[in-house]
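Q: I'd like to go over a predicted model; first the sequence, then the structure.
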Amino acid sequence: MDIFLQQVLNGLVLGSVYALVALGYTMVYGILGLINFAHGEVVMIGAMVALTVMNALLGAAVGLPPSLVLALATATAIAVCMALAFSIERVAYRPLRRAPRLAPLITAIGMSILLQNLAMMIWGRQYRTFPSVIPVTPHSIGGASITDVQIVIIVVSAAIMAGLLLLVQYTRLGRAMRATAENPTVAGLMGVNINRIISATFVIGAALAAVAGVLVAANYSIAHYSMGFMLGLKAFTAAVLGGIGNLAGAMLGGLLLGLIESIGAGYISDVSGGFFGSHYQDVFAFLVLVLVLVFRPTGIMGERVAERA
Amino acid sequence: MNLLELKSLKVAYGGINAVKGVDLRVGAGEMVALIGANGAGKTSTLKAICGMLHHGGRVLYRGEDVSNQPSHELVARGLAMVPEGRGVFGRLTVAENLEMGAYIRRDARAIRDDMDHVYKLFPRLAERRRQTAGTLSGGEQQMLAIGRALMSQPKLLLLDEPSMGLAPMMVEKIFEVVRQVSAEGVTVLLVEQNAKLALEAANRGYVMESGEITLTDDARALLDNPQVRQAYLGE
């Protein structure tokens, strides 16, 4: 088995999920300058809702094909997460639009804790088994193995990200989002209803988060009320690494972080003579965060545009 | 008929009164200049009209009270603003900036025609349509800001210091277009520190001093007014 190729594949799978979640952070930051720390919890709610729907459908024994069950569950998760994110923005962030920056940040952390505890009350504190409707049979590519779920993760993530880039670059909504991100007051003078654009941004980010939640739960066959926390932090790191506020940066940052983590975890044991094990995987993400913040706070693709007065 | 009427408009920033009860009217088809020194409250007045600042008193647009309405609703009623410092979207291309100007419109074909019209007014913009606006010179950005405002097919155009920081040749070009836009039937309210320039272009003028209108007359009369000549024309 080729360890390097295997770690690259694992890194791409992991990185695709990070990228999907990182986009939600970066879009909201781009428009509001807010780090929406509750975003990781939206991912978790997506996974939990999908799990509930799948169990209900499979339990009802109506004999639906597994792929349809997964599709219905994902669609429900997306709808619930969109509604949730819309409400979070309205209830928690909008009233603080003119408050000092620290206030919404603390509110976001509070919202994260609130959602985790709500999820714990609804779905319990134990690990929940995510029904494996996509076969996890491994395929072999050049000495490394990859499962169907992992292939789905890479393909679906890539398709969604391409779709998002097209939306932001070529549609009226996307143009308004970019204009609002750059100068909300002037965007208002163009007739853009800023509040609507902000809502749209949250809702689109939440849809991506829901998909990410389903993918990650399907990959590990497990879901837990706290699963969004670490995933959220990692995705935030990815967004910072790519240059927060920058969409392509979030995608690149996500993939890079996935690769760094998985290659790091794959070799740390050999390099340290067995002193550190692969469970040090999480350390890499935060090492990256610290290094980026110290040496290149704008990230890889952060603001380079010089604007004249 | 008055297109715009301000009735004792007041703006305050945390206890400081920037605009202290301004009465002003702009008739349909007119070009009106609002002149005054730096800090007289001209920009605050414009910002209040287009919903960028909370204000007291009343703003009547086509006879309707539109006081404190959000900017985006006023645009749909035919009011467009070229803000101080231009406010172009530096990361968007020239063409995208113009498309943002037409945000409220859905008539794709007419939008394209209007865009061609803007490119005809400012051929420099046509050359640079694929460039991001941040790479344009100050004068080109001012052209873009005016072109963008025209893209909403405004009935009333508010211009805030269009000559600021521009080379004399560029200022001439900008004012040539402002005159042309006015001749095409767009009503213009022009705020300027350059009083001579503004009064030469306008039909009527208002002089603003520390938050109040101190003088109003036909533009030509203001140009001949000894007070104005001394205070604003440097004679």
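A: It's in.
Q: contacts, neighbours, all on C-alpha from now
A: Fine.
Q: next, count neighbours for the closest residue to chain B within the stretch 101-250 of chain A.
A: Residue of the stretch 101-250 of chain A nearest chain B, by Cα to the nearest Cα: A:Gly191 (3.7 Å). Close neighbours of A:Gly191, defined as other Cα atoms under 10 Å in any protein chain shown, add up to 26.
Q: pretty sure A:Leu252 is touching A:Gly243, no?
A: No. Checked against Cα atoms under 8 Å, the pair A:Leu252 and A:Gly243 is beyond contact range at 9.4 Å.
Q: show me the strands in chain B, by range?
A: B:2-13, B:16-27, B:31-36, B:56-61, B:64-65, B:79-82, B:156-160, B:187-192, B:204-209, B:212-218 (DSSP state E).
Q: and the third one, what other elements does it pack with?
A: Taking 3 or more Cα pairs under 8 Å, 6 or more residues apart in numbering or on different chains; DSSP states H and E as the contact definition, the neighbouring helices and strands of strand B:31-36 are helix B:42-49, strand B:187-192, helix B:195-201, strand B:204-209.
Q: still on that earlier bit, output the strands of chain B as a markdown table; include the columns mean neighbour count and mean pLDDT.
A: Shown next, in a markdown table, are the strands of chain B (neighbours: other Cα atoms under 10 Å in any protein chain shown; pLDDT from 0 to 100):
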| stretch | mean neighbour count | mean pLDDT |
| --- | --- | --- |
| strand B:2-13 | 19 | 94 |
| strand B:16-27 | 19 | 94 |
| strand B:31-36 | 26 | 95 |
| strand B:56-61 | 20 | 95 |
| strand B:64-65 | 13 | 94 |
| strand B:79-82 | 28 | 96 |
| strand B:156-160 | 25 | 96 |
| strand B:187-192 | 25 | 96 |
| strand B:204-209 | 23 | 95 |
| strand B:212-218 | 16 | 94 |
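Q: got TSV for the ones you listed, with distance to B:Val88 too?
A: Formatted as TSV, the strands of chain B follow (distance: least, Cα to Cα, whole Å):
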stretch	distance to B:Val88
strand B:2-13	25
strand B:16-27	26
strand B:31-36	23
strand B:56-61	26
strand B:64-65	29
strand B:79-82	9
strand B:156-160	14
strand B:187-192	18
strand B:204-209	27
strand B:212-218	30
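Q: quick one: closest of those strands to A:Ala77.
A: Nearest to A:Ala77, of all those, is strand B:79-82, at 41.9 Å by Cα to Cα.
Q: list the residues that contact the residue nearest the centre of chain B.
A: By Cα atoms, centre = their mean, chain B has its centre lying nearest to B:Leu159, at 1.3 Å. By Cα atoms under 8 Å, 6 or more residues apart in numbering or on different chains, the contact list for B:Leu159 reads B:Met81, B:Val82, B:Pro83, B:Glu84, B:Val188, B:Leu189, B:Leu190, B:Val191.
Q: so the last one sits against B:Gly41, correct?
A: I take that to be B:Val191. No. The pair B:Val191 and B:Gly41 fails to qualify as a contact (Cα under 8 Å) at a distance of 10.2 Å.
Q: element containing the residue nearest to A:Thr237 when sequence neighbours are not counted, please.
A: Spatial nearest neighbour of A:Thr237, chain neighbours left out: A:Leu289 (5.5 Å); criterion: Cα to Cα, 6 or more residues apart in numbering or on different chains. If you go by DSSP states H and E, A:Leu289 is part of helix A:281-295.
Q: what pLDDT, on average, does that helix get?
A: Helix A:281-295 shows a mean pLDDT of 89.
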